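*Asks:* have a look; sequence and predicted model below, questions after that.
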Amino acid sequence: MSPRVLARIALVLGVALAAWALLAVLRRSAADAPVAFTLPHVAADSVETIEYLGRQDTIRLARQAGHWTVNGHPAAPKVVEAFFHAMADTTSRSELVAQSPESHTRLGVDSAAGKHLTVAGGGKRMLDLWFGNRGPDFEGFYVRRAGDNRVFLLRGTFADLTVQPLDDWREKQVLALPTDSVTRIDVVRGKKSYSLARTGTAWTLAQGAAVDSSRVARFLGQFKELRATGFPTAAEADSARFAPAERKVTLFGAGGSPLAVVALDSLPSLFVLRIGDGGELYTLDRRMADLVAPTDSSLKK
């Protein structure tokens, strides 16, 4: 065999050995790479329902005509937006912690103890997860996909949303009235009442008393974005009779047309609020109630 043939054989063997070594490295790297938990990309406008079903609470969000409700109440748009933003967040950290069904009960991701999250739209489930116990040092939560035995420790905003209570999903904004749209305000506090009217840019009490412009501006500012403190329990809602309301604020616009009526009924430690004659009920603490329906003396110079 000539030297040239031997050189060619050696070259072929060298290329083959190099290819085998490279393939072995790639296989080992793939095997050693950590398995990560990733969330699917879901377009917000394609989702129709979001459900958290747990042992102690049930949270159901539904989209109707572009608006979200949660358990039949108006949902906070910013909170729903934050949910979809968290789903798309690629900075969430995860690690595989278990792969056998025997670990599900211990980590709380079984059907008996876990919280079941589903995101659906168009007749199909886009996300189907079981959330379980908090992770070590109360950081993150254990999670697994429905039908998958693997359990991950998921950290980040999306995981933290699983413990968000119902009231945090509900809309707390009660009113949003531009300050310059209000021309008159009637306030009733028990057996006392007064009116505040605007002529041009100047406000006066109906009795002709001068007012402090900065205090009136602060009063009007309450209705620019009036937010409730929270929501009444079933017992508190039942105790609020509004017959008549203990405090009532009626805001009028141009031409004397009513813009909104804020009714407040007091309970031992808070006020229950509603707009108009019905609808959603909210709560205000006493400090906020005094800002929404102040005494006339607090507006005077």
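*Replies:* Yep, that arrived. Fair warning: this is a prediction, and the values are worked out from it, not measured in the lab. Residues are numbered from 1 along each chain as shown.

*Asks:* please name the nearest non-neighbouring residue to residue 151.
*Replies:* residue 98 (4.2 Å; C-beta to C-beta, 6 or more residues apart in numbering). For every residue, glycine as well, the C-beta is placed using N, CA and C.

*Asks:* tell me the contacts of that neighbour?
*Replies:* 107, 150, 151 (C-beta atoms under 8 Å, 6 or more residues apart in numbering).

*Asks:* burial check on the second one, number of neighbours?
*Replies:* Using other C-beta atoms under 10 Å, the number of residues around residue 150 comes to 15.

*Asks:* looks like it contacts residue 144 (just checking).
*Replies:* Yes. Using C-beta atoms under 8 Å, residue 150 is in contact with residue 144, at 6.1 Å.

*Asks:* from the contact counts, what lies against the helix or strand where residue 105 lies?
*Replies:* Here residue 105 sits within helix 102-107, counting by DSSP states H and E. Judged by 3 or more C-beta pairs under 8 Å, 6 or more residues apart in numbering; DSSP states H and E, the packing partners of helix 102-107 are strand 93-98, strand 124-134, strand 151-155.

*Asks:* where in this structure is pLDDT low?
*Replies:* The chain contains residues with pLDDT under 70 at 1-35.

*Asks:* what residue lies at the spatial centre of it?
*Replies:* residue 79 (2.7 Å; C-alpha atoms, centre = their mean).

*Asks:* and it, what does it touch?
*Replies:* Residue 79 neighbours (C-beta under 8 Å, 6+ apart): 164, 168, 169.

*Asks:* report the buried members of the residues you listed.
*Replies:* Buried subset of those (neighbour count, 16 or more other C-beta atoms under 10 Å): residue 169.

*Asks:* and which of the contacts of residue 79 is nearest to residue 260?
*Replies:* Distance to residue 260 across the contacts of residue 79 (C-beta to C-beta) is lowest for residue 169, with 24.3 Å.
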